[in-house]
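*Asks:* the sequence and its predicted three-dimensional model are supplied below.
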Amino acid sequence: MTDDPFYHDGMRQLQDARETRAIADRLTQVTLREAFTADDRAFIERCAMFFLATADAQGRPDCSYKGGLPGFVRVVDERTLAIPDYDGNGMYRSWGNILVNPHVGLLFLDFESPKRLRVNGTARIGADDPLRESFPGAVFVVRVAAERIFPNCPRYLHRMRLVEHSVYAPRPEYTPPVPAWKTFEAFRDALPARDRADEPREP
């Protein structure tokens, strides 16, 4: 386990004010782990989305949504995740942050059978990662070295049902449509050359 304490002074201050220090410590003893279990693997690899928290070199936070088809996040081994980077808006706020501050927090959610799992660790980008070719549509692969893995109570998760997977989610032998925003006049001249060839429309 990492040498960093799981709770810092600010957390302890609120725990003491609300008399939750004992249960906070018990939750750490019972649920906190540094290796993925078989259940963790099954849960992560059936998720079609997760939320990612990063911060820049000054500690200013950023939060983003990452989506794909189930299995797009892989548990490579008991302490490592592999995540493909797909074409986006080109801002690279999240992945750019890890180049200057590798600490990340991931939140995996199931809204149909309420469950959530948090993974904290460090990330690195691999343009030549050997897994890249096995992720259709991946620009590069991000590997997350898990340091703390822990479930959270799902009581406040609203029950929602998946209607359909995004048509933009990469998959084998499939070319996703180009999003409509890339055809807007305000953006077209700033797009990379690869995105200016034609003017496909959003379905």
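*Replies:* Happy to help now that I have it. Owing to the predicted nature of the structure, the values given are computational and were not obtained by experimental measurement. Residues are numbered from 1 along each chain as shown.

*Asks:* from Pro61, how far off is Pro151?
*Replies:* According to Cβ to Cβ, to the nearest Å, Pro151 and Pro61 sit 23 Å apart. Glycine gets a C-beta too; all of them are placed from N, C-alpha and C.

*Asks:* show me the contacts for Gln15.
*Replies:* Applying Cβ atoms under 8 Å, 6 or more residues apart in numbering to Gln15 gives the contacts 7, 21, 24.

*Asks:* ok, and the closest non-adjacent residue to the first one?
*Replies:* Spelled out, that is Tyr7. Among residues not flanking Tyr7 along the chain, Ala24 sits closest, at 6.6 Å (Cβ to Cβ, 6 or more residues apart in numbering).

*Asks:* Pro151 and Pro61 - which one has more neighbours?
*Replies:* The residue with more neighbours, out of Pro151 and Pro61, is Pro151; 17 against 10, by other Cβ atoms under 10 Å.

*Asks:* domain assignment for the chain?
*Replies:* 1-31, 33-157 (automatic domain parsing).

*Asks:* please point out which parts of the shortest one sit buried.
*Replies:* Going by neighbour count (16 or more other Cβ atoms under 10 Å), the buried part of domain 1-31 is 15, 24, 27.

*Asks:* go on, stretch 179-195?
*Replies:* Those would be 179, 182-183, 195, for stretch 179-195 by 16+ other Cβ under 10 Å.

*Asks:* just the mean pLDDT for the helix or strand hosting Ile125, thanks.
*Replies:* Here Ile125, judged by DSSP states H and E, is contained in strand 115-126. Strand 115-126 comes out with an average pLDDT of 98.

*Asks:* is Asn101 in contact with Pro61, as I believe?
*Replies:* No. Taking Cβ atoms under 8 Å as the definition, Asn101 is not a contact partner of Pro61, at 10.1 Å.
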